[in-house]
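S.K.: What follows is a predicted structure for the sequence shown.
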Amino acid sequence: MKKLLLYLSIAIIFLTSPVSVIAENNQAVENSSLNTNENLNTNESDQVVDPLAIRNQNFLVPTKQGVQKANQYEADKIKKLEDVPLEGLTKSYLLGDYKSGKIMEGYNLDEVRAMASTSKLVSIFVVLDKVEDGTISLNDEIKIDHEVASLTGSSFKLKEGDNVSVEKLIEASMVVSGNDAITALAKYIGGTTDGFVKMMNEKCKDLGLKNALMVNPTGLTNYEITDYNKMTTREMFKLASELLKYHPEVLKYTNIEKLEEPERNFIEYNTNPVLGIVPEVDGLKTGYTNAAGRCVILTGLKKGVDEKSKDMRLICITTGSNSDFERFVACKRLITKGFEDYGYNAIGDTKKEVRTIEFLNSQDENIPVYQKKVGYILSKTDEKFKEVISIDENLKAPIERGSSVGKISFYKDDNLIYTTDLIVKDKVYERGIFNKFKRVFEEIFVNIEKAA
């Protein structure tokens with residue numbers, strides 16, 4: 001009896017461990033789910049709920065049924081990974097700013113890596129180029145052939161003879177990583193997949209991705225030539241940045257939660273593991289093959305707050321994770337850290353007095369001066385900068401309202417970050433009894449104008 005219980009325990013552990021899901025021909029299937037065994041929710045023999053499977057934890061995870069509360073099993077797995085450094089969870093990672101192109105954090109950025117389905121970003125770049133130049137239309141209908149319908153791995157479950165619009169195939173390529181969908185688009189545009197792959201490589205060349213090689217539209221390993229779509233992590237950052245620059249409409253597709261077609265009993269959720277979990281995230285693409293491991297290229301927008309900060313779009317990349325759990329923990333940690341630590345933060349304050357100055361021949365002492373404009377600089381939220389103020393010593397009253405009287409410059413590590421004028425917000429009057437009366441009357445008229 002003890003041996004039987006031992007064997008049963010081992011079997012349960014095996015079944016509930018996150019495993020690679022492989023389709024025939026060793027082609028990977030992508031899913032946002034952490035690959036926990038959903039059958040743990042009930043015991044078929046007595047319908048008793050397994051305590052480990054109850055979704056009662058206070059944080060969210062991706063599952064095959066969409067974003068849900070974590071169960072105890074998932075919580076335990078994730079907790080064990082929380083203290084593992086990113087270098088132990090990935091083969092490479094990158095956190096960068098879309099607007100400036102600055103890379104804030106990174107590891108193994110220049111090692112050429114298999115991309116798996118993240119290379120569909122190259123494919124979709126070519127597709128959207130062709131939509132933009134009028135070669136094809138989003139409303140074009142594509143007839144699915146036998147080759148496309150026979151593709152394995154991540155799939156939109158297309159059938160031979162189906163007629164599907166270009167836009168629906170774009171959605172399927174980005175949301176559920178449909179190998180059939182992207183191949184249908186590739187053949188429609190390139191005539192053959194080889195013709196389309198040539199376009200993909202030309203696009204990489206145009207973007208200056210010198211280490212990039214594309215062998216198919218899907219990202220699957222080509223076992224006939226034992227090669228795969230690849231580039232460096234730094235180049236993946238550039239690819240994502242250029243795609244967002246020229247085709248921001250891609251976010252309309254990558255931000256879709258799920259694809260549901262009840263008429264053919266199809267429902268699958270976005271493969272992005274943090275979509276709907278990290279609120280700012282709205283793209284971009286996941287990937288998985290044996291050669292690439294679990295990888296993801298994320299992007300998200302942190303909204304600015306009043307005059308304190310401006311919008312910031314981040315791009316986050318992790319590659320080579322050994323499990324869905326590791327990828328989830330790594331990419332969530334990195335993108336969340338980015339949104340918490342960085343922003344396009346205001347430097348200075350136009351409403352706050354910088355200092356007071358007494359100008360030559362001025363009627364009043366201690367004239368306040370102010371920063372003319374606020375700069376918005378990518379920086380850490382609590383980062384401080386050295387201020388250097390210079391005043392034009394030759395200025396003398398009278399000085400008109402809004403006139404520049406000097407400069408204020410901000411430095412980080414002796415590097416100039418931002419500079420702007422210092423101004424007076426009120427007219428500076430010269431000394432003399434006549435000017436005192438003149439000032440009184442001018443203020444009276446100003447107040448009348450304000451009241452009018």
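M.R.: Thanks, I have it.
S.K.: Just give me the residue right at the centre of this protein.
M.R.: Ranked by distance to the mean C-alpha position of the chain (CA atoms, centre = their mean), the top residue is T299 at 0.9 Å.
S.K.: what distance separates the helix or strand hosting that one from the middle of the whole chain?
M.R.: Assigned by DSSP states H and E, T299 belongs to strand 293-302. Here the centre of strand 293-302 is set off from its chain's centre by 5 Å, with CA atoms, centre = their mean, to the nearest Å.
S.K.: Likewise for stretch 391-407?
M.R.: Counting by CA atoms, centre = their mean, stretch 391-407 is centred 45 Å from the centre of its parent chain.
S.K.: tell me what the helix or strand encompassing K187 is packed against?
M.R.: Assigned by DSSP H and E, K187 falls within helix 179-190. Under the contact criterion of 3 or more CB pairs under 8 Å, 6 or more residues apart in numbering; DSSP states H and E, helix 179-190 touches helix 120-132, strand 141-143, helix 146-149, helix 166-175, helix 193-206. C-beta here means a position set from N, CA and C on the backbone, and glycine is covered the same way.
S.K.: May I see these arranged in CSV, with mean neighbour count, distance to K310 and mean pLDDT as well?
M.R.: Formatted as CSV, those follow (neighbours: other CB atoms under 10 Å; distance: least, CB to CB, whole Å; pLDDT from 0 to 100):
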stretch, mean neighbour count, distance to K310, mean pLDDT
helix 120-132, 22, 26, 99
strand 141-143, 15, 41, 98
helix 146-149, 17, 44, 96
helix 166-175, 24, 28, 98
helix 193-206, 17, 30, 99
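S.K.: With distance to V274 as added columns, please give those in a markdown table.
M.R.: Converted to a markdown table, the helices and strands packed on helix 179-190 look like this (distance: least, CB to CB, whole Å):
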| stretch | distance to V274 |
| --- | --- |
| helix 120-132 | 17 |
| strand 141-143 | 31 |
| helix 146-149 | 30 |
| helix 166-175 | 15 |
| helix 193-206 | 27 |
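S.K.: so which of those comes closest to L360?
M.R.: Proximity to L360, assessed across the helices and strands packed on helix 179-190 by CB to CB, is greatest for helix 193-206 (59.6 Å).
S.K.: okay, now the residue lying closest to the residue nearest to the centre of the chain once chain neighbours are set aside: neighbour count?
M.R.: The shortest distance from T299 to any non-neighbouring residue, by CB to CB, 6 or more residues apart in numbering, is to G283 (4.6 Å). G283: 25 surrounding residues under other CB atoms under 10 Å.
S.K.: and what of V29?
M.R.: Neighbours of V29 (other CB under 10 Å): 16.
S.K.: Tell me which residues are up against the helix or strand containing S409.
M.R.: Secondary structure from DSSP H and E places S409 in strand 404-412. Applying CB atoms under 8 Å, 6 or more residues apart in numbering, the set of residues contacting strand 404-412 from outside is 347-348, 354, 357, 359, 369, 371-372, 375, 377, 379, 383, 385-392, 395, 399, 416-424.
S.K.: which of those count as buried?
M.R.: 347-348, 354, 357, 359, 369, 371-372, 375, 377, 379, 385, 395, 399, 417-418, 420-424 (16 or more other CB atoms under 10 Å).
S.K.: ok so, going back, quick check: neighbours of the strand holding T299 in the sheet, parallel or antiparallel?
M.R.: Its sheet considered, strand 293-302 pairs with strand 281-289 (antiparallel), strand 312-321 (antiparallel) by DSSP bridges.
S.K.: next helix or strand past that strand?
M.R.: Downstream of strand 293-302, the next assigned helix or strand under DSSP H and E is strand 309-310.
S.K.: Next, please give the residue ranges for the helices of this protein.
M.R.: With DSSP state H as the criterion, the chain has helices at 2-16, 72-82, 86-89, 120-132, 146-149, 166-175, 179-190, 193-206, 233-246, 250-254, 324-341, 433-451.
S.K.: Return the most buried member of those.
M.R.: Across these, averaging neighbours per residue (mean count of other CB atoms under 10 Å) puts helix 179-190 on top, at a mean of 26.
S.K.: what's in contact with it?
M.R.: In contact with helix 179-190 (CB under 8 Å, 6+ apart) are residues 27, 117, 120, 123-124, 126-127, 130, 135-136, 140, 142, 144-145, 147-149, 151-158, 164, 166, 168-170, 172-173, 193, 196-199, 217-218, 220.
S.K.: repeat that with 7 Å
M.R.: Contact with helix 179-190 is made by 120, 123, 126-127, 130, 136, 142, 144, 148-149, 151, 153-156, 158, 164, 166, 169, 172-173, 193, 196, 199, 217-218, 220, as judged by CB atoms under 7 Å, 6 or more residues apart in numbering.
S.K.: swap in stretch 417-433?
M.R.: Stretch 417-433 is contacted from outside by 347, 354, 359, 361-363, 367, 369-373, 375, 377, 385, 397-411, 435, 439, using CB under 7 Å, 6+ apart.
S.K.: and it, how far from the chain's centre?
M.R.: Distance of stretch 417-433 from the chain centroid (CA atoms, centre = their mean) equals 43 Å.
S.K.: Would you mind measuring from T192 to E326?
M.R.: According to CB to CB, to the nearest Å, T192 and E326 sit 37 Å apart.
S.K.: can you list the domain ranges for the chain.
M.R.: Using automatic domain parsing, the domain parsing of the chain gives 2-78, 89-346, 348-451.
S.K.: ends of the longest one, how far apart?
M.R.: Spelled out, it's domain 89-346. 34 Å (CA to CA, to the nearest Å).
S.K.: burial of N139, as a residue count?
M.R.: So N139, with other CB under 10 Å, has 8 neighbours.
S.K.: okay but it is in contact with S165, surely?
M.R.: Yes: the criterion here is CB atoms under 7 Å, and N139 meets it with S165 at 5.9 Å.
S.K.: buried sites along the strand holding S409?
M.R.: 405-408, 410.
S.K.: in its sheet, what does that strand sit against?
M.R.: With DSSP bridges as the test, strand 404-412 is paired with strand 386-391 (antiparallel), strand 415-423 (antiparallel).
S.K.: Identify whichever of the ones you listed lies nearest to L94.
M.R.: Among the strands paired with strand 404-412, strand 415-423 sits nearest to L94 (CB to CB), with 22.7 Å.
S.K.: Might you calculate how far that closest one sits from the centre of the chain?
M.R.: 31 Å.
S.K.: Please save the CA atoms from it in CSV.
M.R.: Only the C-alpha atoms of strand 415-423 are listed here, as CSV (Å, rounded to 0.1, in the frame of the first residue of the first chain):
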residue,chain,number,x,y,z
ASN,A,415,27.0,65.5,-18.7
LEU,A,416,24.6,68.3,-19.7
ILE,A,417,21.0,66.9,-19.7
TYR,A,418,18.9,69.9,-20.2
THR,A,419,19.1,73.7,-20.3
THR,A,420,16.6,76.5,-20.5
ASP,A,421,16.2,80.3,-20.0
LEU,A,422,15.6,82.0,-16.7
ILE,A,423,12.9,84.7,-17.0
